[in-house]
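>>> Structure for the following, please:
(one chain, ligands or ions: 2)
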Amino acid sequence: MTPHNEAEKGDFAETVLLPGDPERAEWMAETFLEAPRCVNRRRGALGFTGRYRGKPVSIQSTGIGVSSFLIYAHELLDFHGVKTLIRTGTCGGLSAEVPLRGLVVSQSVRAENADSGQVFGLYAAAGPDPALLARALQRAETLGIEHRAGLTICSDIFYHPKGRARYAEAMALGALAVDMETSALYRISAHFGARALSLLNVVDHVTNGEQTDYSERQELFTDMTRLALEVAAES
Ligand SMILES: O=P(O)(O)O[C@H]1O[C@H](CO)[C@@H](O)[C@H]1O
Ligand SMILES: O=c1cc[nH]c(=O)[nH]1
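Ligands and ions are numbered 1, 2, ... in the order given. The predicted structure is shown next:
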């Protein structure tokens, strides 16, 4: 048990999928895992452990933003001895290359800027684990899962007084999408010697203002969840 997670040692598998939203965690566990059991309900940050293709896998929701994410990731890595973290998140599309509802594989990540606060400075910059990334790209090909791999940006600020203009620099760099946790995921995982990868579905598009509806979200996450679990099963 840790301050934010009631699971006991041994309740989490060595590989944990990390959606931000607890409802997504529950849907992923109930839809894809064999014999899922809930291992955490504290603060409503649902966590589950089950099996996928016979292999133990856990799913833990992490809330919104770096501060919340780092609490769950730290306790998984430090107390539960987790070795592999795969984020199954949502993002805002920044490039016409990625359609609304499309899947983005974060091949590298850039923290947005100093506005995002000190949390990004806690750990050295890092990227995804190369073997997990290669496996995800290869499995996406064999499963026929449409995706784009590339640079993403990460900001701890969702509402910004500059509106879309805040993304001009990132878009000029060719960034595909923005989320609020991927940089922290890669940094804290490297710090603990763990492996990490971030997969993101586009739920709104910064370039044209298109948005998905929350009610369609679960179906939207099918390919991302399958891909994350296929990578987990082989890790
Ligand atoms: O849907 P999740 O995984 O929470 O991810 C995205 O959604 C939240 C903002 O709406 C942030 O956490 C952002 O990173
Ligand atoms: O962080 C996020 C997630 C979804 N959409 C955004 O615009 N930003």
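
>>> What is the neighbour count of residue 215?
Neighbouring residues of residue 215 were enumerated by other CB atoms under 10 Å; the total is 7. For the C-beta atoms, the positions are set from N, CA and C on the backbone; glycine is no exception.

>>> Was I right to think residue 108 contacts residue 151?
Yes - under the contact definition of CB atoms under 8 Å, residue 108 touches residue 151, with a separation of 5.1 Å.

>>> just the helices in this structure please.
Listed in chain order, the helices found in the chain under DSSP state H are 22-32, 66-78, 130-143, 168-172, 182-191, 217-220, 222-233.

>>> Let me know the angle separating the second one from helix 182-191.
Between the axis of helix 66-78 and that of helix 182-191 there is an angle of 20 degrees, by axes from the mean of the first three to the mean of the last three CA atoms, to 10 degrees.

>>> and helix 66-78, what other elements does it pack with?
For helix 66-78, the helices and strands in contact under the criterion 3 or more CB pairs under 8 Å, 6 or more residues apart in numbering; DSSP states H and E are strand 15-18, strand 84-93, helix 182-191.

>>> Could you tell me the least trusted of the helices of the chain?
Mean pLDDT is lowest for helix 217-220 out of these, coming in at a mean of 83.

>>> buried set for that helix?
Residues of helix 217-220 classed as buried under the neighbour-count rule (16 or more other CB atoms under 10 Å) are 217, 220.

>>> for it, packing partners?
In terms of contacts (3+ CB pairs under 8 Å, 6+ apart), helix 217-220 is packed against helix 22-32, strand 195-205.

>>> what's next to that helix, contact-wise?
In this structure, residues lying in contact with helix 217-220 by CB atoms under 8 Å, 6 or more residues apart in numbering are 24, 27, 31, 90, 101, 201, 203, 212.

>>> So which of the residues you listed reach ligand 1?
residue 90 (CB under 6 Å from any ligand atom).

>>> Distance to residue 124 for the helices and strands packed on helix 66-78 - can I get that in TSV?
Converted to TSV, those look like this (distance: least, CB to CB, whole Å):
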stretch	distance to residue 124
strand 15-18	20
strand 84-93	17
helix 182-191	7
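
>>> who wins for proximity to residue 57 among these?
strand 15-18 (5.5 Å; CB to CB).

>>> The closest one pairs with which strands?
Strand partners for strand 15-18, identified by DSSP bridges, are recorded as strand 55-60 (parallel), strand 84-93 (parallel).

>>> buried set for the last one?
Residues of strand 84-93 classed as buried by neighbour count (16+ other CB under 10 Å): 84-93.

>>> Same question for stretch 27-35.
For stretch 27-35, a neighbour-count test (16+ other CB under 10 Å) marks 27-29, 32-33 as buried.

>>> Tell me which of the helices and strands packed on helix 66-78 sits nearest to ligand 2.
Each of these was scored for nearness to ligand 2 using CB to the nearest ligand atom, and the closest is strand 84-93 (2.5 Å).
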